[in-house]
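In: Could you work out the structure for the sequence below:
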Amino acid sequence: MTAAQLIGEIGVLPLAERRQIMSFARRLESEESLTPEELGALAEKLADCQNETVSQQLQDEILKGFYGQA
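Out: Okay, the predicted model is just below:
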């Protein structure tokens, strides 16, 4: 299943279940910083990216992964 398919499935869930998923995602986001290997993989994706929106998302992920989520 791709991320787009998963997001589509989440969109049709009842509100209470979507809130559980959002809570889970926030908890994941606030945990640890990324490893150097994970940051490197994101940097490679960014270097190859041609889509401005995706590029910005990757930059945001790199910053969060480097500094961690406050």
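In: The most centrally placed residue in the chain: what's its closest spatial neighbour, skipping adjacent residues?
Out: With distances taken as CA atoms, centre = their mean, Glu61 lies nearest the centre of the chain, 6.4 Å away. Leaving aside its chain neighbours, Glu61 sits nearest to Leu42 (5.6 Å; criterion: CB to CB, 6 or more residues apart in numbering). In this view, the C-beta of every residue, glycine as well, is placed from N, C-alpha and C.
In: And for the helix or strand where the one you found lies, what's in contact with it?
Out: Leu42 is located in helix 36-48, with elements delineated by DSSP states H and E. Residues outside helix 36-48 that contact it (CB atoms under 8 Å, 6 or more residues apart in numbering) are 34, 55, 58-59, 61-62, 65-66.
In: The residue of the chain positioned farthest from its centre and Met22: what is the separation?
Out: For the chain, the C-alpha farthest from the mean C-alpha position belongs to Pro14; by CA atoms, centre = their mean, that distance is 22.2 Å. To Met22, Pro14 is 13 Å away according to CB to CB, to the nearest Å.
In: Check Ala16 too.
Out: Ala16 sits 11 Å away from Met22, going by CB to CB.
In: okay, the two: which has more neighbours?
Out: Counted by other CB atoms under 10 Å, Ala16 and Met22 do not tie: Met22 has more neighbours, with 11 against 7.
In: So for the more buried one, what's the pLDDT?
Out: At Met22, the predicted lDDT confidence score is 90.
In: Pull the residues that contact the helix or strand it falls within.
Out: Here Met22, judged by DSSP H and E, is contained in helix 15-29. Applying CB under 8 Å, 6+ apart, the contact partners of helix 15-29 are 10-11, 13, 64, 69.
In: which stretches of this protein aren't confidently modelled?
Out: For the chain, the stretches with pLDDT under 70 are 29-32, 68-70.
In: ok so, going back, could you dump the helix holding Met22 to CSV, C-alpha only?
Out: Provided in CSV are the C-alpha atoms of helix 15-29 (Å, rounded to 0.1, in the frame of the first residue of the first chain):
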residue,chain,number,x,y,z
LEU,A,15,-13.9,11.0,13.0
ALA,A,16,-13.0,9.2,16.3
GLU,A,17,-10.6,6.9,14.4
ARG,A,18,-9.1,9.7,12.4
ARG,A,19,-8.3,11.5,15.7
GLN,A,20,-6.6,8.4,17.0
ILE,A,21,-4.4,8.3,13.9
MET,A,22,-3.6,12.0,14.2
SER,A,23,-2.6,11.5,17.9
PHE,A,24,-0.4,8.6,16.9
ALA,A,25,1.2,10.6,14.1
ARG,A,26,1.9,13.5,16.5
ARG,A,27,3.5,11.1,19.0
LEU,A,28,5.7,9.6,16.3
GLU,A,29,6.7,13.1,15.1
